[in-house]
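Enquirer: Sequence and computational prediction follow.
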Amino acid sequence: MSNIDDIERQERQQLLIRLENEHAELDKDVALLTCSPGTDQLTISRMKKRKLRLKDMIARLRSSLLPDFIA
């Protein structure tokens with residue numbers, strides 16, 4: 001691997017960590033808001049949609065970080 005490949009891989013790993021952290025924070029926030037009376041359901045719905053988008057991004061990023069194996 002070249003240095004550029006190594007740098008790109010490190011950047012993708014750092015992005016993955018940031019996305020996982022954001023997903024975890026949203027998960028906590030959704031759980032807290034769900035338990036709170038009078039919480040705006042639209043806000044919770046938007047947060048859940050954001051969590052799903054993050055989950056998809058995380059899955060794609062993880063997949064891109066896996067080495068390609070020829071069967």
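Expert: It's in.
Enquirer: Now do the helices in the chain.
Expert: All helices of the chain, identified by DSSP state H, fall at 3-35, 41-65.
Enquirer: Reformat these as JSON lines; add mean neighbour count and mean pLDDT.
Expert: Heads up, the C-betas are built off the backbone N, CA and C, glycines and all. Shown next, in JSON lines, are the helices of the chain (neighbours: other C-beta atoms under 10 Å; pLDDT from 0 to 100):
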{"stretch": "helix 3-35", "mean neighbour count": "12", "mean pLDDT": "94"}
{"stretch": "helix 41-65", "mean neighbour count": "13", "mean pLDDT": "95"}
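Enquirer: ok, now which ones touch the residue nearest to Lys55 when sequence neighbours are not counted?
Expert: Nearest residue to Lys55, sequence neighbours excluded (C-beta to C-beta, 6 or more residues apart in numbering): His23, at 6.4 Å. For His23, the contacting residues are 51, 54-55, 58, by C-beta atoms under 8 Å, 6 or more residues apart in numbering.
Enquirer: for Arg18, same thing?
Expert: Arg18 neighbours (C-beta under 8 Å, 6+ apart): none.
Enquirer: any idea how far Glu20 is from Leu26?
Expert: 11 Å (C-beta to C-beta, to the nearest Å).
Enquirer: same deal with Ala31?
Expert: Distance from Ala31 to Glu20, by C-beta to C-beta: 17 Å.
Enquirer: again, but for Asp40
Expert: For Asp40 relative to Glu20 (C-beta to C-beta), the value is 26 Å.
Enquirer: For stretch 36-52, C-alpha coordinates in CSV please.
Expert: Output of stretch 36-52 as CSV, limited to C-alpha atoms (Å, rounded to 0.1, in the frame of the first residue of the first chain):
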residue,chain,number,x,y,z
SER,A,36,-40.1,12.5,28.6
PRO,A,37,-43.8,13.5,28.7
GLY,A,38,-44.8,16.1,26.2
THR,A,39,-41.9,15.5,23.8
ASP,A,40,-42.5,16.5,20.2
GLN,A,41,-42.9,13.3,18.2
LEU,A,42,-41.8,14.9,15.0
THR,A,43,-38.4,15.7,16.6
ILE,A,44,-38.1,12.1,17.8
SER,A,45,-39.0,10.9,14.3
ARG,A,46,-36.4,13.1,12.6
MET,A,47,-33.8,11.9,15.1
LYS,A,48,-34.6,8.3,14.4
LYS,A,49,-34.3,8.9,10.6
ARG,A,50,-30.9,10.5,11.2
LYS,A,51,-29.9,7.5,13.2
LEU,A,52,-30.9,5.2,10.3
